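# Structure here, sequence nowhere to be found:
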Ligand code: SF4
């Protein structure tokens with residue numbers, strides 16, 4: 001039997017996680033969706049406590065569907081990559097309205113779900129025979145088969161998917177998927193895999209070749225894209241002028257500093273505070289922070305004067321926090337425990 005070593009190993013070594021059920025039982029699809037979305041690009045130690053808090057707030061898709069976006073983003077604060085929260089919100093609205101899809105294609109059609117997350121819900125919570133291919137599975141299968149192709153490229157991905165389909169063939173897909181991912185996380189690690197403790201060691205070609213770390217081949221480095229712009233700090237009477245980043249922007253949905261030229265009433269002053277930087281995936285955002293003045297008039301849509309204490313309750317990026325610290329305008333409070341500076345600005349204000 002193909003997995004006569006892997007499955008018993010998993011039965012002994014599987015970590016107890018709040019979204020996992022007893023062996024042999026299907027999981028809850030909502031818990032599976034939330035845990036998978038949270039675990040993308042976030043460490044498990046961070047996800048576990050946040051998952052439980054999230055489930056207290058939004059125990060079903062209906063609870064999340066009925067929440068306002070501000071509440072959803074505030075509950076997500078600190079997990080980063082807020083587009084995940086927005087997509088989860090949209091997916092919950094679709095599920096609350098139409099119910100859970102019953103096919104893999106239907107799951108794939110939910111907002112924000114790619115093949116991996118759809119396969120997670122399908123195989124772990126609905127009993128579908130579909131393979132899950134994440135970084136752990138890529139690594140384990142690349143090594144077991146000593147696959148020379150890079151699974152992150154088109155041709156390599158096709159080959160790996162074919163291997164992954166074959167890997168689950170004739171078995172409970174959910175269990176094999178989970179066991180393979182667990183093996184990748186605990187034993188077949190990117191560096192120094194513990195081949196001596198691995199249930200697949202006898203069948204593993206990379207191990208036989210004495211070169212497990214050679215698979216998969218190293219990823220070609222992605223070029224860093226630098227996005228640079230001047231932003232203006234307009235603060236007055238304990239309030240700061242911010243605008244909500246548009247859907248098309250990298251920090252979509254977060255409150256950010258406005259830039260000169262975005263509205264005729266907004267002007268830069270002579271004040272210069274310097275540069276602040278923030279990396280998001282392969283983007284580096286560089287803000288050149290300067291003083292600004294608002295000449296009065298109606299604020300454009302999506303712009304707002306925020307009281308300092310309000311900043312602790314809305315979703316701001318760490319880039320904004322860095323810029324306000326650089327400009328030395330943040331008073332004592334939840335966002336910063338530093339000296340209360342004299343506000344250098346005194347522009348006329350329109351609310
Ligand atoms: S034998 Fe080593 S390289 Fe092969 S799957 Fe196991 S841990 Fe990974």
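Nice, thanks for sending it over. Nothing here was measured: the structure is a model prediction, and the numbers come from that model.

# Name the residue of the stretch 251-351 of the chain that lies nearest to the ligand.
Closest to the ligand within the stretch 251-351 of the chain is residue 281: 27.4 Å, counting by CB to the nearest ligand atom. (Each C-beta comes from the backbone N, C-alpha and C, glycine too.)

# tally of neighbours for that residue?
Residues near residue 281, counting by other CB atoms under 10 Å, number 11.

# same deal with residue 191?
So residue 191, with other CB under 10 Å, has 6 neighbours.

# Just give me the neighbour total for the closest residue to it other than its chain neighbours.
For residue 191, the nearest residue in space outside its immediate sequence neighbours is residue 213; the separation is 6.7 Å by CB to CB, 6 or more residues apart in numbering. Close neighbours of residue 213, defined as other CB under 10 Å, add up to 14.

# How about the contacts made by residue 213?
Residue 213 sits next to 190-193 when contact means CB atoms under 8 Å, 6 or more residues apart in numbering.

# how close does it get to residue 151?
Going from residue 213 to residue 151 by CB to CB, to the nearest Å gives 15 Å.

# on that earlier part again, would you turn the contacts of residue 213 into TSV with secondary structure?
Listed next are these as TSV, based on DSSP: H, G, I helix; E, B strand; the rest coil:
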residue	secondary structure
190	coil
191	coil
192	coil
193	coil
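
# Only whichever of those residues are buried, select them in PyMOL.
Entered in PyMOL, the line below selects the buried ones among those, by 16 or more other CB atoms under 10 Å:
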select buried, resi 193
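
# Restrict the contacts of residue 213 to those that also contact the ligand, please.
Contacts with the ligand within the contacts of residue 213, counted by CB under 6 Å from any ligand atom: residue 193.

# Tell me the one among the contacts of residue 213 nearest to the ligand.
Distances from the ligand to these, taken as CB to the nearest ligand atom, are shortest for residue 193 (3.8 Å).

# quick one on the thing from earlier: helix, strand, or coil at the residue nearest to residue 191?
helix.

# Got the confidence number for it?
pLDDT for residue 213: 96.

# Please apply the same query to residue 278.
Per-residue confidence (pLDDT) for residue 278: 89.

# Surely it is in a strand?
Yes - checked against three-state DSSP, residue 278 lies within a strand.

# The nearest residue to it once chain neighbours are set aside: what's it in contact with?
The spatially closest residue to residue 278, leaving aside those adjacent along the chain, is residue 319, at 3.9 Å (CB to CB, 6+ apart). By CB under 8 Å, 6+ apart, the contact set of residue 319 is 251, 256, 276, 278, 285, 287.
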